[in-house]
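A.B. asks: Sequence and predicted model, in that order:
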Amino acid sequence: MGQQDDVANKQKAIQNRQDQIDGSMQKAESDDKGAVQTGVPQPETPMPGQHLAKPGIEAQMELKPKFMAEGYKGSGKLEGMSAIVTGGDSGIGRAVAVLFAREGADVAVMYLNEHEDAEETRRCIEAEGRRCITIPGDVKDAAFCNQAVEKVVAEFGRLDVLVNNAAFQEHANSLLDITDERLDETFRTNIYGYFHMARAALLHLKRGAAIINTGSVTGLQGSKKLLDYSATKGAIHAFTMSLASSLIEQGIRVNAVAPGPVWTPLNPADQPSEQLKEFGAATDYKRPAQPEELSPAYVFLASPVCSGYITGIVLPITGSVG
């Protein structure tokens, strides 16, 4: 486990340097208008002003993200399939893994070193009556990605769906704050990792299989304080469309979801506590999404009976009109 811990410690060091750069932060102005609710009522701003150490542990969050989607009833859309979800220990990845299991898939959860979160995700998947394996490691390492995919195929006998979701994010007030080391960590995690996993999975994917990449609204619109992260997300969107064209003749679909602000450990492990209180307030919904509000979209894009004629799209779920 030493290599994964080394990566987590390096990410914490990047975070600590940024915290020092930030210094004292001014409190964000509150929006007195209530948040918009168009479905199951979800938590509203202000969010807890909690700052987590990277890589971010969901079990440590004061306000736990909602991921179970209690009102979602499975109907066998992924029956008999096998899926990999990177970054599946928490946040969006956990919510997706749980719904995949509810739809009949066995799920492999890949993660860095958030063992407590990964075990909880495993418990939830097995409670849905499906098999789960957890695989800790670093997606920046192509050899690890190859080994992980081989392990999944050996365990489940097949691979039908790959969800590329693992990510590293740390804000910066200026381009001058982004060191070469930090740029390398962001790009190698967010885009190299997607390439590594897709390449390893492709050896086992057959007609009817699907790859789903997690992009971001920042890849569509940019973000002045997420220069490197936004650049990787834009690259993920282009990679999605390009790979979709490359694989369509093989009957393999490739799509992406571009979330807006979502309440996951990624953000308390990035934003200063005072700014976090207004996280998501700038959307038209005036609140962040919960992971369970995104996971059904991944089911839709994974299932050939739902989206068999859809490939190469970037589906925005941003909480804002347009």
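C.D. replies: Perfect, I can see it now.
A.B. asks: pLDDT score for the residue nearest the centre of the chain?
C.D. replies: Per Cα atoms, centre = their mean, the C-alpha nearest to the average position across the chain is that of N165, at 3.7 Å. We have a pLDDT of 98 for N165.
A.B. asks: give the contact list for it.
C.D. replies: Listed by Cβ atoms under 8 Å, 6 or more residues apart in numbering, the contact set of N165 reads V85, T86, G87, G88, I92, G93, V96, T214. Every C-beta, even on glycine, is put in place using the N, C-alpha and C of the backbone.
A.B. asks: swap the cut-off to 7 Å and go again
C.D. replies: With contacts defined as Cβ atoms under 7 Å, 6 or more residues apart in numbering, N165 is in contact with V85, T86, G87, G88, I92, G93, T214.
A.B. asks: Could you do P288 as well?
C.D. replies: Contacts for P288 (Cβ under 7 Å, 6+ apart) come out as P261, V262, W263, F279, G280.
A.B. asks: how near is the nearest residue to it once chain neighbours are set aside to T45?
C.D. replies: Excluding its sequence neighbours, the residue lying closest to P288 (Cβ to Cβ, 6 or more residues apart in numbering) is G280, at 3.0 Å. Remark: distance between G280 and T45 (Cβ to Cβ, to the nearest Å) = 6 Å.
A.B. asks: so what sits against both of these two?
C.D. replies: Going by Cβ under 7 Å, 6+ apart, residues that sit against G280 and also against T45 are R287.
A.B. asks: picking up where we left off before, now that we have the contacts of P288, which one has the most neighbours?
C.D. replies: W263 (28 neighbours; other Cβ atoms under 10 Å).
A.B. asks: Export the contacts of P288 to TSV and append columns for distance to I125 and secondary structure.
C.D. replies: Rendered in TSV, the data for the contacts of P288 read as follows (distance: Cβ to Cβ, whole Å; DSSP: H, G, I helix; E, B strand; the rest coil):
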residue	distance to I125	secondary structure
P261	26	coil
V262	20	strand
W263	21	coil
F279	28	coil
G280	27	coil
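A.B. asks: Make TSV from the residues you listed and add pLDDT to it.
C.D. replies: Putting the contacts of P288 into TSV (pLDDT from 0 to 100) gives the following:
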residue	pLDDT
P261	93
V262	94
W263	89
F279	82
G280	81
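A.B. asks: Greatest separation within those residues: which pair is it?
C.D. replies: Looking at these by Cβ to Cβ, the two members farthest from one another are V262 and F279, with 9.5 Å of separation.
A.B. asks: buried residues in the helix or strand of the chain with the lowest mean pLDDT?
C.D. replies: Each helix and strand of the chain was given a mean pLDDT (mean pLDDT, DSSP states H and E); the minimum falls on helix 273-276 at a mean of 74. Residues of helix 273-276 classed as buried: Q275, L276 (neighbour count, 16 or more other Cβ atoms under 10 Å).
A.B. asks: Please apply the same query to stretch 146-159.
C.D. replies: N146, A148, V149, V152, V153, F156, L159.
A.B. asks: can you check stretch 237-244 too?
C.D. replies: Neighbour counts using 16+ other Cβ under 10 Å place H237, F239, T240, M241, L243, A244 of stretch 237-244 among the buried residues.
A.B. asks: Need the nearest residue in space to the fourth one, chain neighbours excluded.
C.D. replies: Nearest in space to M241, with sequence neighbours left out and distances taken as Cβ to Cβ, 6+ apart, is G312 at 4.7 Å.
A.B. asks: Next up, phi/psi of A258, please.
C.D. replies: phi -110, psi 90 (degrees, to the nearest 10).
A.B. asks: which ones are touching it?
C.D. replies: Each residue near A258 by Cβ under 7 Å, 6+ apart is listed here: G215, S216, V217, G219, L220, V314, L315, P316, I317, T318.
A.B. asks: In this structure the residue nearest to P288 contacts P46, no?
C.D. replies: No. Under the criterion of Cβ atoms under 7 Å, G280 makes no contact with P46, lying 10.2 Å away.
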